[in-house]
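Trainee: Return atomic coordinates for the entry below.
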Amino acid sequence: MSSNTVASRLAFAASAASFALLLTACGGDGSDGARTGPAGAAKDKSTTAGPSDDDAPPPPDAAALKGMLVKAEDVPDFLAPPGGAKETEEIFSRDAQTFFSSDKPACQALSGSMLATPQGAPRAAAGTVGVRGTGELGDKKPEKAAGLEDGLEKAFGAMADLRMEVVSLSSYEGDGAQSVIDGYKEAVRKCGKGFTIDATEDGKKALETVQSGGSGEAGQQDGPMPVVSLKPVPVDKGDDAAAWVLKVGEDALTLPINVVAVRKGPVVVTVSSTSFDFSGSGKPPLDVAQAQLDKLTGVS
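Mentor: Residues are numbered from 1 along each chain as shown. Purely as a prediction, here's the structure:
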């Protein structure tokens, strides 16, 4: 494999997963669900919304969702960061669906699925990021690289053993949660031939804040990312669910990202899983989704 090919694969993998990598490095175990924007002050809007039915309890607020997020001990080989970081709160905010856009309006609901960003108009939201495959890496002894090309190849090989899995929880009034699942299903039906994902101005600002660690000294994010294909995946969990695999990239170089979204009552659990082996052999992160469903206490 030529050095240009190896470098291109590494660059593409880093581009496709940069958002998840940044979140993992910074912590990112949740949001107060009420940030007004990347540079805005926190303003808790969740307490103003009432339940959709007089006899029904209100959907969980941001603090409750954050407390129910999966942790490292809940999923085998799931290395979740201890604690959160204020810089990452925007990524899992109730406004996160505005951070990404699609060139096809019908595919807008899927534009943030790489990061499992909450969709619709949630009352509150929270999220976390896990790295899997580190146990496999721990059993390997580092090998000395013969040169730049060999070093890049070994680096890519190590990266190929890792998976980044992003988990978000979002709660909704009324039939908002079901509307999100229905929207996913419709978008999956219409977008099988692909579309393009881009970050909006608000999204770029939020991601730059994460990248810079709050210092404001980060470069611009990469340009639009092509989704070359998308296929539905059968799933039967919760009250209703949708799952799909999308391949991002260009030409023969694509990276599969598996996403599953499950509704339980007024809460939507969304999990995206990115594997960097380029084989397309990744599977829907159903074990993570089930572990997260099991932690939704008091939700029905």
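Trainee: who's in contact with the strand or helix carrying residue 293?
Mentor: Using DSSP states H and E, residue 293 sits within helix 286-294. Helix 286-294 has contacts (Cβ atoms under 8 Å, 6 or more residues apart in numbering) with 68-70, 74-76, 78, 130, 165, 167, 169, 235, 237-238, 243, 260, 262, 264, 269, 271, 273. Every C-beta, even on glycine, is put in place using the N, C-alpha and C of the backbone.
Trainee: Show me those residues that map onto strands.
Mentor: The strands, defined by DSSP state E, take in 130, 165, 167, 169, 243, 260, 262, 264, 269, 271, 273 from the contacts of helix 286-294.
Trainee: Most neighbours among these, which one?
Mentor: For the ones in strands among the contacts of helix 286-294, the largest number of neighbours (other Cβ atoms under 10 Å) sits with residue 169, at 33 neighbours.
Trainee: buried residues in stretch 112-131?
Mentor: Within stretch 112-131, the residues scored as buried using 16 or more other Cβ atoms under 10 Å are 112-120, 122-131.
Trainee: pLDDT for the ones in strands among the contacts of helix 286-294 - can I get that in a markdown table?
Mentor: Formatted as a markdown table, the ones in strands among the contacts of helix 286-294 follow (pLDDT from 0 to 100):
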| residue | pLDDT |
| --- | --- |
| 130 | 82 |
| 165 | 87 |
| 167 | 92 |
| 169 | 95 |
| 243 | 96 |
| 260 | 97 |
| 262 | 98 |
| 264 | 97 |
| 269 | 97 |
| 271 | 95 |
| 273 | 90 |
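Trainee: Output the below-cut-off pLDDT ranges for the stretch 201-300 of the chain.
Mentor: 209-223, 251-252, 277-282 (pLDDT under 70).
Trainee: Tell me the one of the ones in strands among the contacts of helix 286-294 nearest residue 91?
Mentor: residue 167 (12.1 Å; Cβ to Cβ).
Trainee: Residue 71 is in contact with that closest one, correct?
Mentor: No - Residue 167 lies out of contact with residue 71 (Cβ atoms under 8 Å); the separation is 10.4 Å.
Trainee: which residues are in contact with both of the two?
Mentor: With Cβ under 8 Å, 6+ apart as the test, residue 167 and residue 71 both reach residue 128.
Trainee: Would you mind measuring from residue 195 to residue 100?
Mentor: According to Cβ to Cβ, to the nearest Å, residue 195 and residue 100 sit 11 Å apart.
Trainee: anything in contact with each of these two?
Mentor: What both residue 195 and residue 100 touch, as defined by Cβ under 8 Å, 6+ apart, is the set residue 111.
Trainee: residues near residue 79, how many?
Mentor: 17.
Trainee: Bridged to residue 227, which residues?
Mentor: Counting by DSSP bridges, residue 227 is bridged to residue 195, residue 248.
Trainee: For it, give its distance to residue 203.
Mentor: Distance from residue 227 to residue 203, by Cβ to Cβ: 16 Å.
Trainee: Residue 120 too?
Mentor: In terms of Cβ to Cβ, residue 120 sits 17 Å off from residue 203.
Trainee: same thing with residue 296?
Mentor: 28 Å.
Trainee: Between those two, point out the one with more neighbours.
Mentor: Neighbours around residue 296 and residue 203, counted as other Cβ under 10 Å, are more numerous at residue 203. The numbers are 25 against 20.
Trainee: pretty sure that one contacts residue 98?
Mentor: Yes - counting by Cβ under 8 Å, residue 203 touches residue 98, with 7.4 Å between them.
Trainee: could you pull out the helices for the stretch 151-300 of the chain?
Mentor: Counting by DSSP state H, counting those that start in this stretch, the stretch 151-300 of the chain has helices at residues 176-190, 201-211, 286-294.
Trainee: Tabulate the ones you listed in JSON lines, adding columns for distance to residue 256.
Mentor: Formatted as JSON lines, the helices of the stretch 151-300 of the chain follow (distance: least, Cβ to Cβ, whole Å):
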{"stretch": "helix 176-190", "distance to residue 256": "15"}
{"stretch": "helix 201-211", "distance to residue 256": "22"}
{"stretch": "helix 286-294", "distance to residue 256": "15"}
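Trainee: nearest to residue 93, of the ones you listed?
Mentor: That would be helix 201-211 among the helices of the stretch 151-300 of the chain, by Cβ to Cβ, at 8.3 Å.
Trainee: what's that closest one packed up against?
Mentor: helix 3-26 (3 or more Cβ pairs under 8 Å, 6 or more residues apart in numbering; DSSP states H and E).
Trainee: what mean pLDDT does the helix it packs on have?
Mentor: Helix 3-26 carries an average pLDDT of 47.
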